[in-house]
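Enquirer: got a predicted structure plus its sequence, pasted below:
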Amino acid sequence: MALRFTGREQWGAKKPKSVTPRSPSELSGVAVHWFGSPRAAGSHEGCAALLRSVQATHMGPGGLGVANGGADIAYNHAVCPHGKAFTLRGFGVQTGANGDEASNRTFAAVVYMAGTGDKAPTDEALGTLAEVIRAWQRKGAGPLVKPHQFFTGSDCPGPNLLDWLELKPRPWAGKARPRVPVKDETPDWLLDFVHWRVAEGGDRKSRPKGLPKPIPESAHETAARIERMVTVMGPQESFLDWVAWRRAGEKKEERPRSVPRKIPKAWRDAAKRLEQVFANGEPPKPSEPKPEKPETRRIGARTTLLSPPRASREQLEGHMLARAHGDYTDANVRAILKRYVSVSQKAGLDPLLVVSQMVLETGNLTSFWSQVPRRNPAGIGVTGEPGAGISFSSWDKAVRAHVGRLLAYALPEGSENEAQRKLIGEALEVRPLPADRRGIAPTLEGLAGTWAADTKYAGKIARVANEIRAAS
Ligand SMILES: [Zn+2]
Ligand SMILES: [Zn+2]
(Lines give C-alpha, C1' and ligand atoms only; values in the text may rest on other atoms or scores of the structure.)
(Ligands and ions follow the chains in the order given, each with its own letter.)
Protein backbone atom coordinates (compact mmCIF):
# COMPACT_ATOMS: atom_id res chain seq x y z
CA MET A 1 0.00 0.00 0.00
CA ALA A 2 1.57 3.22 -1.10
CA LEU A 3 1.18 5.98 1.43
CA ARG A 4 -0.13 9.20 0.03
CA PHE A 5 -0.56 12.34 2.10
CA THR A 6 -3.32 14.84 1.45
CA GLY A 7 -1.42 18.14 1.37
CA ARG A 8 -2.13 21.34 3.27
CA GLU A 9 -3.51 23.08 0.22
CA GLN A 10 -5.86 20.21 -0.45
CA TRP A 11 -7.46 20.35 2.97
CA GLY A 12 -7.42 24.16 2.99
CA ALA A 13 -4.90 24.82 5.75
CA LYS A 14 -4.14 28.36 6.83
CA LYS A 15 -0.49 29.39 6.72
CA PRO A 16 1.41 28.76 9.96
CA LYS A 17 2.31 31.85 11.99
CA SER A 18 5.80 30.46 12.43
CA VAL A 19 7.72 27.23 11.88
CA THR A 20 10.24 25.59 14.22
CA PRO A 21 12.37 23.20 12.20
CA ARG A 22 13.16 19.85 13.80
CA SER A 23 14.87 17.15 11.81
CA PRO A 24 13.34 13.65 12.12
CA SER A 25 16.80 12.33 12.94
CA GLU A 26 16.69 14.33 16.20
CA LEU A 27 13.60 12.46 17.35
CA SER A 28 13.31 9.42 19.61
CA GLY A 29 10.12 8.46 17.83
CA VAL A 30 6.46 9.25 17.28
CA ALA A 31 3.70 10.14 19.73
CA VAL A 32 0.19 9.00 18.81
CA HIS A 33 -2.84 11.19 19.59
CA TRP A 34 -6.54 11.33 18.96
CA PHE A 35 -8.85 14.33 19.02
CA GLY A 36 -10.84 13.06 21.99
CA SER A 37 -13.05 16.01 21.22
CA PRO A 38 -14.11 16.81 18.48
CA ARG A 39 -15.36 13.48 17.23
CA ALA A 40 -14.76 12.06 13.78
CA ALA A 41 -16.40 13.50 10.67
CA GLY A 42 -19.50 11.58 9.55
CA SER A 43 -17.91 10.80 6.19
CA HIS A 44 -14.64 11.49 4.45
CA GLU A 45 -16.16 14.58 2.80
CA GLY A 46 -16.11 16.22 6.25
CA CYS A 47 -12.48 15.43 7.11
CA ALA A 48 -10.88 18.52 5.54
CA ALA A 49 -13.36 20.82 7.26
CA LEU A 50 -12.73 19.05 10.56
CA LEU A 51 -8.99 19.70 10.23
CA ARG A 52 -9.64 23.35 9.37
CA SER A 53 -11.74 23.80 12.49
CA VAL A 54 -9.12 22.12 14.70
CA GLN A 55 -6.48 24.35 13.13
CA ALA A 56 -8.60 27.41 13.87
CA THR A 57 -8.92 26.34 17.52
CA HIS A 58 -5.20 25.68 17.91
CA MET A 59 -4.26 29.02 16.32
CA GLY A 60 -6.97 31.08 18.02
CA PRO A 61 -6.61 32.91 21.35
CA GLY A 62 -5.53 30.51 24.07
CA GLY A 63 -4.90 27.72 21.56
CA LEU A 64 -2.18 25.23 22.57
CA GLY A 65 -1.93 27.03 25.89
CA VAL A 66 -0.53 30.17 24.26
CA ALA A 67 -2.30 33.49 24.87
CA ASN A 68 -2.22 34.48 21.20
CA GLY A 69 -2.74 30.92 20.02
CA GLY A 70 -0.40 28.28 18.63
CA ALA A 71 1.77 28.66 15.55
CA ASP A 72 -0.21 26.09 13.57
CA ILE A 73 -2.36 23.00 14.03
CA ALA A 74 -0.42 21.07 16.65
CA TYR A 75 0.30 17.74 14.93
CA ASN A 76 2.69 16.68 12.18
CA HIS A 77 0.28 14.30 10.45
CA ALA A 78 -3.29 13.11 10.75
CA VAL A 79 -4.97 9.82 9.84
CA CYS A 80 -8.74 9.79 9.41
CA PRO A 81 -11.11 6.87 10.11
CA HIS A 82 -11.45 6.42 6.35
CA GLY A 83 -7.81 5.40 6.10
CA LYS A 84 -6.42 8.59 4.58
CA ALA A 85 -3.32 10.44 5.76
CA PHE A 86 -2.94 14.23 5.89
CA THR A 87 0.07 16.51 6.08
CA LEU A 88 -0.35 19.01 8.92
CA ARG A 89 2.98 20.45 10.10
CA GLY A 90 4.64 17.66 8.16
CA PHE A 91 8.16 16.22 8.38
CA GLY A 92 11.03 18.37 9.63
CA VAL A 93 8.86 20.65 11.78
CA GLN A 94 8.56 20.54 15.55
CA THR A 95 5.15 19.59 16.90
CA GLY A 96 3.23 21.50 19.55
CA ALA A 97 1.01 18.60 20.56
CA ASN A 98 2.92 16.49 23.03
CA GLY A 99 2.46 18.62 26.10
CA ASP A 100 5.80 20.17 26.88
CA GLU A 101 8.97 21.45 25.34
CA ALA A 102 10.95 18.27 25.98
CA SER A 103 8.44 15.88 24.42
CA ASN A 104 7.82 18.25 21.51
CA ARG A 105 11.55 18.31 20.83
CA THR A 106 11.94 14.56 20.90
CA PHE A 107 8.76 13.09 19.40
CA ALA A 108 6.74 13.76 16.28
CA ALA A 109 2.96 13.84 16.70
CA VAL A 110 0.46 11.89 14.62
CA VAL A 111 -3.24 12.28 15.37
CA TYR A 112 -6.07 9.88 14.69
CA MET A 113 -9.05 12.03 13.74
CA ALA A 114 -11.68 10.67 16.13
CA GLY A 115 -12.80 11.07 19.70
CA THR A 116 -14.84 9.79 22.62
CA GLY A 117 -17.83 7.74 21.46
CA ASP A 118 -16.51 7.03 17.98
CA LYS A 119 -16.20 3.50 16.60
CA ALA A 120 -12.94 1.60 16.97
CA PRO A 121 -10.52 2.33 14.12
CA THR A 122 -10.84 0.03 11.13
CA ASP A 123 -7.94 -2.16 10.00
CA GLU A 124 -7.59 0.18 7.05
CA ALA A 125 -7.16 3.22 9.29
CA LEU A 126 -4.74 1.36 11.56
CA GLY A 127 -2.79 0.24 8.49
CA THR A 128 -2.42 3.87 7.41
CA LEU A 129 -1.36 4.91 10.90
CA ALA A 130 1.33 2.21 10.86
CA GLU A 131 2.45 3.46 7.45
CA VAL A 132 2.78 7.02 8.73
CA ILE A 133 4.86 5.79 11.69
CA ARG A 134 7.10 3.82 9.34
CA ALA A 135 7.49 6.89 7.14
CA TRP A 136 8.85 8.80 10.13
CA GLN A 137 11.24 5.98 10.91
CA ARG A 138 12.45 5.93 7.31
CA LYS A 139 13.11 9.67 7.58
CA GLY A 140 15.36 8.99 10.56
CA ALA A 141 13.12 9.18 13.64
CA GLY A 142 13.96 6.75 16.46
CA PRO A 143 12.03 3.51 17.03
CA LEU A 144 9.84 4.56 19.96
CA VAL A 145 6.08 4.89 19.48
CA LYS A 146 4.35 6.31 22.55
CA PRO A 147 0.78 7.26 23.37
CA HIS A 148 0.45 10.95 24.24
CA GLN A 149 -0.52 9.66 27.66
CA PHE A 150 3.09 8.59 28.22
CA PHE A 151 4.10 12.26 28.57
CA THR A 152 1.17 13.82 30.39
CA GLY A 153 -0.98 11.06 31.84
CA SER A 154 -4.01 12.16 29.78
CA ASP A 155 -6.51 9.78 28.14
CA CYS A 156 -5.03 10.45 24.72
CA PRO A 157 -5.17 8.60 22.29
CA GLY A 158 -8.19 6.76 23.73
CA PRO A 159 -8.73 3.12 24.69
CA ASN A 160 -8.57 1.49 21.23
CA LEU A 161 -5.29 3.02 20.17
CA LEU A 162 -3.80 2.49 23.64
CA ASP A 163 -4.43 -1.25 23.14
CA TRP A 164 -3.05 -1.10 19.61
CA LEU A 165 0.15 0.56 20.82
CA GLU A 166 0.71 -2.32 23.25
CA LEU A 167 0.52 -5.03 20.58
CA LYS A 168 3.48 -7.29 19.97
CA PRO A 169 4.89 -7.74 17.49
CA ARG A 170 4.61 -4.04 16.79
CA PRO A 171 1.98 -3.37 14.12
CA TRP A 172 4.30 -0.84 12.49
CA ALA A 173 7.32 -3.15 12.42
CA GLY A 174 8.12 -3.60 8.75
CA LYS A 175 9.92 -6.46 7.17
CA ALA A 176 12.88 -4.19 6.55
CA ARG A 177 16.06 -5.02 8.37
CA PRO A 178 16.31 -3.47 11.84
CA ARG A 179 17.82 0.02 11.82
CA VAL A 180 20.15 -0.83 14.69
CA PRO A 181 21.99 -4.04 13.81
CA VAL A 182 22.83 -4.93 17.42
CA LYS A 183 21.17 -7.28 19.82
CA ASP A 184 18.70 -5.55 22.12
CA GLU A 185 20.28 -6.35 25.43
CA THR A 186 18.31 -4.25 27.89
CA PRO A 187 16.41 -6.66 30.15
CA ASP A 188 12.72 -5.92 30.68
CA TRP A 189 13.09 -5.51 34.44
CA LEU A 190 15.88 -2.91 34.26
CA LEU A 191 13.74 0.17 33.81
CA ASP A 192 11.27 -1.07 36.41
CA PHE A 193 14.20 -1.27 38.76
CA VAL A 194 15.48 2.21 37.86
CA HIS A 195 12.03 3.76 38.14
CA TRP A 196 11.50 2.13 41.50
CA ARG A 197 14.84 3.32 42.83
CA VAL A 198 14.84 6.82 41.37
CA ALA A 199 11.20 7.86 41.16
CA GLU A 200 9.63 5.83 43.96
CA GLY A 201 12.41 5.99 46.51
CA GLY A 202 13.29 2.28 46.43
CA ASP A 203 10.98 1.39 49.31
CA ARG A 204 11.08 -2.38 49.94
CA LYS A 205 7.31 -2.63 50.10
CA SER A 206 6.92 -1.31 46.55
CA ARG A 207 9.68 -3.50 45.06
CA PRO A 208 8.54 -4.45 41.54
CA LYS A 209 7.96 -8.12 40.91
CA GLY A 210 10.33 -9.85 38.55
CA LEU A 211 13.55 -8.19 39.69
CA PRO A 212 16.46 -10.59 39.89
CA LYS A 213 18.15 -11.32 43.21
CA PRO A 214 20.71 -10.04 43.70
CA ILE A 215 20.46 -6.98 41.46
CA PRO A 216 23.60 -6.89 39.32
CA GLU A 217 26.07 -4.08 39.91
CA SER A 218 25.53 -2.64 36.42
CA ALA A 219 21.86 -2.04 37.22
CA HIS A 220 22.75 -0.18 40.40
CA GLU A 221 25.26 1.81 38.37
CA THR A 222 22.51 2.71 35.88
CA ALA A 223 20.14 3.83 38.63
CA ALA A 224 22.84 5.86 40.33
CA ARG A 225 23.79 7.62 37.10
CA ILE A 226 20.20 8.41 36.20
CA GLU A 227 19.67 9.77 39.69
CA ARG A 228 22.66 12.08 39.11
CA MET A 229 21.30 13.18 35.74
CA VAL A 230 17.90 13.96 37.20
CA THR A 231 19.55 15.96 39.96
CA VAL A 232 21.60 18.14 37.66
CA MET A 233 18.71 18.59 35.25
CA GLY A 234 16.70 20.28 38.01
CA PRO A 235 13.01 21.12 37.89
CA GLN A 236 11.45 20.45 34.51
CA GLU A 237 9.17 22.74 32.56
CA SER A 238 6.07 20.68 33.34
CA PHE A 239 6.71 21.06 37.07
CA LEU A 240 7.28 24.80 36.76
CA ASP A 241 4.12 25.14 34.64
CA TRP A 242 2.20 23.34 37.36
CA VAL A 243 3.62 25.54 40.15
CA ALA A 244 2.80 28.71 38.21
CA TRP A 245 -0.72 27.49 37.50
CA ARG A 246 -1.22 26.57 41.15
CA ARG A 247 -0.09 30.02 42.25
CA ALA A 248 -2.48 31.59 39.75
CA GLY A 249 -5.47 29.84 41.31
CA GLU A 250 -5.63 26.48 39.46
CA LYS A 251 -8.34 27.54 37.02
CA LYS A 252 -9.48 24.42 35.21
CA GLU A 253 -9.55 26.09 31.80
CA GLU A 254 -5.96 27.30 32.26
CA ARG A 255 -4.53 23.91 33.22
CA PRO A 256 -1.21 23.67 31.35
CA ARG A 257 -1.02 20.93 28.76
CA SER A 258 2.31 19.79 30.13
CA VAL A 259 0.93 18.89 33.57
CA PRO A 260 0.38 15.18 34.20
CA ARG A 261 -3.12 14.18 35.20
CA LYS A 262 -1.98 12.68 38.46
CA ILE A 263 0.37 15.08 40.24
CA PRO A 264 3.28 13.11 41.69
CA LYS A 265 3.64 13.28 45.45
CA ALA A 266 7.19 14.57 45.03
CA TRP A 267 5.79 17.61 43.19
CA ARG A 268 3.37 18.40 46.00
CA ASP A 269 6.15 18.09 48.54
CA ALA A 270 8.38 20.35 46.46
CA ALA A 271 5.64 22.96 46.05
CA LYS A 272 5.01 22.98 49.79
CA ARG A 273 8.67 23.58 50.36
CA LEU A 274 8.75 26.40 47.83
CA GLU A 275 5.77 27.99 49.49
CA GLN A 276 7.61 27.94 52.79
CA VAL A 277 10.71 29.42 51.22
CA PHE A 278 8.65 32.17 49.63
CA ALA A 279 6.29 32.27 52.57
CA ASN A 280 3.14 34.28 52.16
CA GLY A 281 3.29 33.79 48.43
CA GLU A 282 5.74 36.61 47.98
CA PRO A 283 8.00 35.91 45.04
CA PRO A 284 11.70 36.47 45.52
CA LYS A 285 12.73 39.97 44.59
CA PRO A 286 15.60 40.03 42.18
CA SER A 287 17.35 42.64 44.28
CA GLU A 288 17.35 40.54 47.43
CA PRO A 289 20.33 38.30 46.92
CA LYS A 290 22.57 41.30 46.35
CA PRO A 291 23.26 43.01 49.65
CA GLU A 292 24.72 46.05 47.88
CA LYS A 293 21.27 46.75 46.48
CA PRO A 294 18.84 46.67 49.39
CA GLU A 295 15.16 46.93 48.69
CA THR A 296 14.40 50.59 48.41
CA ARG A 297 10.62 50.65 48.38
CA ARG A 298 9.19 52.52 51.35
CA ILE A 299 7.57 50.49 54.08
CA GLY A 300 3.81 50.99 54.14
CA ALA A 301 0.61 49.41 55.39
CA ARG A 302 0.77 46.89 52.54
CA THR A 303 4.31 45.73 53.31
CA THR A 304 4.46 42.02 54.04
CA LEU A 305 5.63 40.81 57.41
CA LEU A 306 7.18 37.67 56.00
CA SER A 307 10.26 38.76 54.12
CA PRO A 308 14.02 38.66 54.25
CA PRO A 309 15.45 41.53 56.31
CA ARG A 310 14.82 44.96 54.87
CA ALA A 311 17.31 46.64 57.21
CA SER A 312 20.68 45.67 58.67
CA ARG A 313 21.33 45.09 62.35
CA GLU A 314 23.57 48.17 62.27
CA GLN A 315 20.63 50.26 61.12
CA LEU A 316 18.44 48.90 63.93
CA GLU A 317 21.17 49.62 66.50
CA GLY A 318 21.91 53.04 65.06
CA HIS A 319 18.28 54.06 65.42
CA MET A 320 17.73 52.77 68.93
CA LEU A 321 21.05 53.85 70.42
CA ALA A 322 20.62 57.40 69.10
CA ARG A 323 17.51 57.74 71.25
CA ALA A 324 16.82 57.39 74.96
CA HIS A 325 16.39 53.69 75.83
CA GLY A 326 15.19 53.57 79.42
CA ASP A 327 17.35 51.78 81.97
CA TYR A 328 18.93 49.60 79.31
CA THR A 329 22.64 50.06 78.55
CA ASP A 330 23.88 50.23 74.97
CA ALA A 331 25.16 46.68 75.36
CA ASN A 332 21.71 45.56 76.57
CA VAL A 333 20.06 47.11 73.52
CA ARG A 334 22.57 45.46 71.18
CA ALA A 335 21.96 42.09 72.82
CA ILE A 336 18.19 42.48 72.57
CA LEU A 337 18.44 43.43 68.89
CA LYS A 338 20.70 40.50 68.20
CA ARG A 339 18.01 38.18 69.59
CA TYR A 340 15.35 39.92 67.53
CA VAL A 341 17.26 39.61 64.27
CA SER A 342 18.09 35.97 64.81
CA VAL A 343 14.65 34.81 66.00
CA SER A 344 12.76 36.86 63.36
CA GLN A 345 14.90 35.67 60.50
CA LYS A 346 14.56 32.04 61.52
CA ALA A 347 10.80 32.55 61.67
CA GLY A 348 10.75 34.14 58.21
CA LEU A 349 9.67 37.55 59.54
CA ASP A 350 11.40 40.76 58.55
CA PRO A 351 13.33 41.84 61.71
CA LEU A 352 12.87 45.47 60.67
CA LEU A 353 9.10 45.28 61.09
CA VAL A 354 9.26 43.29 64.31
CA VAL A 355 11.74 45.71 65.84
CA SER A 356 9.76 48.70 64.57
CA GLN A 357 6.72 47.35 66.36
CA MET A 358 8.76 46.89 69.53
CA VAL A 359 10.14 50.45 69.26
CA LEU A 360 6.65 51.83 68.76
CA GLU A 361 5.10 49.80 71.56
CA THR A 362 7.82 50.51 74.12
CA GLY A 363 8.77 54.05 73.16
CA ASN A 364 12.23 52.79 72.21
CA LEU A 365 12.40 50.71 75.43
CA THR A 366 11.46 53.60 77.71
CA SER A 367 7.93 52.46 78.67
CA PHE A 368 7.07 51.14 82.12
CA TRP A 369 6.09 47.72 80.76
CA SER A 370 9.34 47.31 78.84
CA GLN A 371 11.59 47.80 81.87
CA VAL A 372 13.17 45.08 84.01
CA PRO A 373 11.64 43.04 85.60
CA ARG A 374 8.67 43.18 83.19
CA ARG A 375 10.55 43.11 79.85
CA ASN A 376 7.31 43.23 77.87
CA PRO A 377 8.37 44.16 74.33
CA ALA A 378 5.08 44.76 72.58
CA GLY A 379 2.27 45.44 74.99
CA ILE A 380 1.47 41.75 75.18
CA GLY A 381 -1.58 41.46 77.40
CA VAL A 382 -1.30 45.13 78.28
CA THR A 383 -4.86 46.32 78.04
CA GLY A 384 -4.74 49.54 80.00
CA GLU A 385 -6.42 47.97 83.00
CA PRO A 386 -4.32 48.56 86.11
CA GLY A 387 -1.69 45.84 86.45
CA ALA A 388 -2.77 43.97 83.28
CA GLY A 389 0.18 42.79 81.24
CA ILE A 390 2.69 39.98 81.03
CA SER A 391 6.19 39.97 82.49
CA PHE A 392 9.04 37.93 81.05
CA SER A 393 11.89 36.47 83.07
CA SER A 394 14.40 37.06 80.24
CA TRP A 395 14.63 38.96 76.98
CA ASP A 396 15.15 35.68 75.23
CA LYS A 397 11.68 34.57 76.29
CA ALA A 398 10.22 38.01 75.60
CA VAL A 399 11.58 38.10 72.05
CA ARG A 400 10.37 34.57 71.29
CA ALA A 401 6.91 35.39 72.62
CA HIS A 402 6.75 38.60 70.57
CA VAL A 403 8.06 37.13 67.31
CA GLY A 404 5.92 33.97 67.68
CA ARG A 405 2.78 36.01 68.33
CA LEU A 406 3.41 38.26 65.34
CA LEU A 407 4.06 35.19 63.22
CA ALA A 408 0.70 33.77 64.29
CA TYR A 409 -0.92 36.95 62.99
CA ALA A 410 1.04 36.73 59.73
CA LEU A 411 0.62 33.02 58.91
CA PRO A 412 -2.65 31.15 58.50
CA GLU A 413 -2.89 27.99 60.57
CA GLY A 414 -1.59 24.99 58.64
CA SER A 415 0.88 26.90 56.48
CA GLU A 416 3.69 26.94 59.04
CA ASN A 417 6.85 24.91 58.77
CA GLU A 418 8.08 22.88 61.72
CA ALA A 419 10.15 25.67 63.32
CA GLN A 420 7.41 28.25 62.82
CA ARG A 421 4.82 25.97 64.37
CA LYS A 422 7.01 25.47 67.43
CA LEU A 423 7.61 29.19 67.91
CA ILE A 424 3.92 30.03 67.51
CA GLY A 425 3.04 27.29 70.00
CA GLU A 426 5.43 28.79 72.54
CA ALA A 427 4.09 32.30 72.07
CA LEU A 428 0.44 31.34 72.29
CA GLU A 429 1.13 29.44 75.49
CA VAL A 430 2.22 32.76 76.97
CA ARG A 431 -1.02 34.36 75.84
CA PRO A 432 -3.64 32.60 73.73
CA LEU A 433 -4.81 34.05 70.44
CA PRO A 434 -8.40 33.87 69.16
CA ALA A 435 -8.57 31.60 66.10
CA ASP A 436 -9.90 34.39 63.88
CA ARG A 437 -6.65 36.31 64.36
CA ARG A 438 -4.54 33.54 62.80
CA GLY A 439 -3.16 34.72 59.45
CA ILE A 440 -5.10 37.98 59.64
CA ALA A 441 -1.98 40.10 59.05
CA PRO A 442 0.06 39.01 56.05
CA THR A 443 0.85 42.72 55.77
CA LEU A 444 1.12 45.44 58.40
CA GLU A 445 -2.41 46.70 57.85
CA GLY A 446 -3.80 43.45 59.29
CA LEU A 447 -2.45 44.46 62.70
CA ALA A 448 -4.54 47.62 62.88
CA GLY A 449 -7.66 47.02 64.94
CA THR A 450 -6.46 43.53 65.88
CA TRP A 451 -3.09 43.62 67.65
CA ALA A 452 -3.86 47.16 68.67
CA ALA A 453 -7.20 48.95 68.65
CA ASP A 454 -5.55 51.91 66.91
CA THR A 455 -6.71 52.05 63.28
CA LYS A 456 -3.55 53.95 62.32
CA TYR A 457 -1.34 51.29 63.89
CA ALA A 458 0.12 49.98 60.60
CA GLY A 459 1.12 53.45 59.44
CA LYS A 460 2.82 54.10 62.76
CA ILE A 461 4.94 50.93 62.54
CA ALA A 462 5.80 51.79 58.95
CA ARG A 463 6.92 55.28 59.97
CA VAL A 464 9.35 53.86 62.54
CA ALA A 465 10.59 51.35 59.97
CA ASN A 466 11.25 54.05 57.40
CA GLU A 467 13.10 56.14 59.97
CA ILE A 468 15.29 53.15 60.81
CA ARG A 469 16.08 52.58 57.15
CA ALA A 470 16.86 56.24 56.60
CA ALA A 471 19.73 55.90 59.07
CA SER A 472 22.86 54.61 57.45
ZN1 LIG B 1 -2.94 13.96 22.47
ZN1 LIG C 1 -11.65 10.85 6.19
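Expert: Thanks, I have it. Ligands and ions are numbered 1, 2, ... in the order given.

Enquirer: for ligand 2, what is the nearest residue in the stretch 51-200 of the chain?
Expert: residue 80 (3.1 Å; C-beta to the ion). Glycine gets a C-beta too; all of them are placed from N, C-alpha and C.

Enquirer: tell me how far that residue lies from residue 424.
Expert: Separation of residue 80 from residue 424 (C-beta to C-beta, to the nearest Å): 62 Å.

Enquirer: and if you look at residue 339?
Expert: 17 Å.

Enquirer: looking at these two, which is more packed in?
Expert: residue 424 (24 against 20; other C-beta atoms under 10 Å).

Enquirer: ok, the more buried one - contacts?
Expert: 404-405, 407-408, 411, 416 (C-beta atoms under 8 Å, 6 or more residues apart in numbering).

Enquirer: residues near residue 117, how many?
Expert: Using other C-beta under 10 Å, residue 117 has 9 other residues around it.

Enquirer: give me the neighbour count for residue 251.
Expert: Neighbour tally, residue 251, other C-beta under 10 Å: 8.

Enquirer: not counting sequence-adjacent ones, nearest residue to it?
Expert: residue 245 (7.9 Å; C-beta to C-beta, 6 or more residues apart in numbering).

Enquirer: I'd assumed residue 359 was in a helix, is it?
Expert: Yes: under DSSP: H, G, I helix; E, B strand; the rest coil, residue 359 sits within a helix.

Enquirer: what about it, how many residues close to it?
Expert: Residue 359, neighbours per other C-beta under 10 Å, totals 24.

Enquirer: residue 203 now?
Expert: Other residues close to residue 203 by other C-beta under 10 Å number 9.

Enquirer: and if you look at residue 81?
Expert: Residue 81: 22 neighbours (other C-beta under 10 Å).

Enquirer: so the nearest residue to residue 236 once chain neighbours are set aside, which of the three states?
Expert: Leaving aside its chain neighbours, residue 236 sits nearest to residue 102 (6.8 Å; criterion: C-beta to C-beta, 6+ apart). Following three-state DSSP, the label given to residue 102 is helix.

Enquirer: I'd say residue 102 and residue 241 touch.
Expert: No: contact criterion C-beta atoms under 8 Å: residue 102 and residue 241 do not qualify, at 11.7 Å.

Enquirer: ok, these two, which is more surrounded?
Expert: Ranked by neighbour count (other C-beta under 10 Å), residue 102 and residue 241 place residue 241 first, with 19 against 15.

Enquirer: so that one sits in a helix?
Expert: Yes: residue state for residue 241 (three-state DSSP) corresponds to a helix.

Enquirer: which secondary structure element is home to residue 353?
Expert: Secondary structure from DSSP states H and E places residue 353 in helix 351-362.

Enquirer: my understanding was that residue 99 contacts residue 238; is that so?
Expert: Yes: taking contacts as C-beta under 8 Å, residue 99 lies within contact range of residue 238: 7.3 Å.

Enquirer: now do the shared contacts for those two.
Expert: Joint contacts of residue 99 and residue 238 (C-beta under 8 Å, 6+ apart) are 152, 258.

Enquirer: helices and strands around the helix holding residue 353, which ones?
Expert: With contacts defined as 3 or more C-beta pairs under 8 Å, 6 or more residues apart in numbering; DSSP states H and E, the packing partners of helix 351-362 are helix 313-321, helix 330-347, helix 395-410, helix 457-470.

Enquirer: out of these, which comes closest to residue 87?
Expert: If you check each of those against residue 87 by C-beta to C-beta, helix 395-410 wins as the nearest, at 58.3 Å.
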